[in-house]
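Student: The sequence isn't on hand, but the structure is:
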């Protein structure tokens, strides 16, 4: 009897959550938060016959003249989706015995099925004993003949200037914190890159020295690609820069990005540099001038 009471209470909580979440025949504007509980799904109602399936995807896309944006792409597949309905009506597996399962996360596309009256259902997807959606169900969701219904910009990820420059709109200034270790320099790019992207930032606001690192941010000022003899001169300076004991006090800095590696250089103040391998040093004014031209 106790088990019945507990299960009934859980069912009521689940039903209440479903009532609090309104499902519409369109995509939600906000991207589902991976930290928060997912939107409550429900079993297909008896006799539910869909006339279309709406699937939602969130992507970063370049919009001409507007820069980089996060957009939600709403796709639609018309028809009864017979194969998908058969998969969604399958019962999930369960077992009376403990199962050895791997700790993996599974992502199910956000999709709703809609009937002729306009009612939308965010349906349950049947799972194995370990909670993994059946591969055949995922295949049925993704194999429908979707076409793009609409594309809705949600938030801007970077300006037109930043997109064309290949740089971030803003960047944290990680050069400012004190306590630099004395570490011998090493050759950081081996083999050396054929080109180096230089993104120049300026500090837009004064921030107390006690502020956490993420409070210090620079706004994109300019960018360039360094190549040839200037690049070779700069790489040699980066590799041989002596350890610095000068405190950071700058208003502009550059981020150097060949591939996934990054180096950071103060363009005024002490001209301190942080190499991709974490070693720290101080550049000469002539070396810094190569970045600030």
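Tutor: In hand now; what should we look at? Just so it is clear, the structure is predicted and the values come from calculations on it, not from any experiment. Residues are numbered from 1 along each chain as shown.

Student: secondary structure class for the closest residue to residue 287 other than its chain neighbours?
Tutor: Closest residue in space to residue 287, ignoring its immediate chain neighbours: residue 237 at 3.7 Å, by C-beta to C-beta, 6 or more residues apart in numbering. Glycine gets a C-beta too; all of them are placed from N, C-alpha and C. Classification of residue 237 by DSSP: H, G, I helix; E, B strand; the rest coil places it in helix.

Student: go on, residue 261?
Tutor: coil.

Student: So it sits against residue 255, correct?
Tutor: No - the pair residue 261 / residue 255 is not scored as a contact, 10.8 Å apart, by C-beta atoms under 8 Å.

Student: So for these two, which residue has more residues nearby?
Tutor: residue 255 (22 against 14; other C-beta atoms under 10 Å).

Student: and the residue nearest to that one when sequence neighbours are not counted, how many residues sit next to it?
Tutor: Spatial nearest neighbour of residue 255, chain neighbours left out: residue 199 (4.6 Å); criterion: C-beta to C-beta, 6+ apart. When counting by other C-beta under 10 Å, one arrives at 23 neighbours for residue 199.

Student: name the element residue 199 belongs to?
Tutor: strand 196-203 (DSSP states H and E).

Student: where are the low-confidence patches of the stretch 101-250 of the chain?
Tutor: Within the stretch 101-250 of the chain, the ranges that satisfy pLDDT under 70 run 102-106, 176-190, 205-215.

Student: let's go with 80 and repeat that
Tutor: Along the stretch 101-250 of the chain, the parts satisfying pLDDT under 80 run over 101-107, 174-192, 204-216, 245, 248.

Student: Show me where it has its strands.
Tutor: 110-115, 120-121, 147-158, 170-172, 196-203, 217-226 (DSSP state E, counting those that start in this stretch).

Student: Quickly note the distance from the residue nearest to residue 112 when sequence neighbours are not counted to residue 27.
Tutor: The shortest distance from residue 112 to any residue other than its chain neighbours is 4.5 Å, reached at residue 120 (C-beta to C-beta, 6+ apart). Using C-beta to C-beta, to the nearest Å, we find residue 120 at a distance of 11 Å from residue 27.

Student: Find residues that contact each of these two.
Tutor: Listed contacts common to residue 120 and residue 27 are residue 54; contacts here mean C-beta atoms under 8 Å, 6 or more residues apart in numbering.

Student: biggest strand in this protein, by residue count?
Tutor: In the chain, with assignment by DSSP state E, the single longest strand is strand 50-63.

Student: what are the pairing partners of it, and which direction each?
Tutor: Take DSSP bridges as the rule and strand 50-63 pairs in its sheet with strand 67-78 (antiparallel), strand 110-115 (antiparallel).

Student: Quick one: distance of it to the chain centre.
Tutor: Chain-centre distance of strand 50-63: 17 Å, with C-alpha atoms, centre = their mean, to the nearest Å.

Student: Regarding residue 287, which helix or strand does it belong to?
Tutor: Assigned by DSSP H and E, residue 287 falls in helix 285-292.

Student: and for that helix, what are the contacting residues?
Tutor: With C-beta under 8 Å, 6+ apart as the test, helix 285-292 has contacts from 198, 200, 226, 230, 233-234, 237-238, 241, 252, 254, 256, 265-267, 271.

Student: Kindly supply the ChimeraX command isolating those of these that are buried.
Tutor: Buried subset of the contacts of helix 285-292, written as a ChimeraX selection, criterion 16 or more other C-beta atoms under 10 Å:
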select :198,200,226,234,237,238,241,252,254,256,265,266,267,271
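
Student: pretty sure residue 73 is touching residue 56, no?
Tutor: Yes - assessed by C-beta under 8 Å, residue 73 is found in contact with residue 56 at 7.2 Å.

Student: Looking at those two, which is more packed in?
Tutor: Between residue 73 and residue 56, counting by other C-beta under 10 Å, residue 56 is the more crowded of the two (20 against 17).
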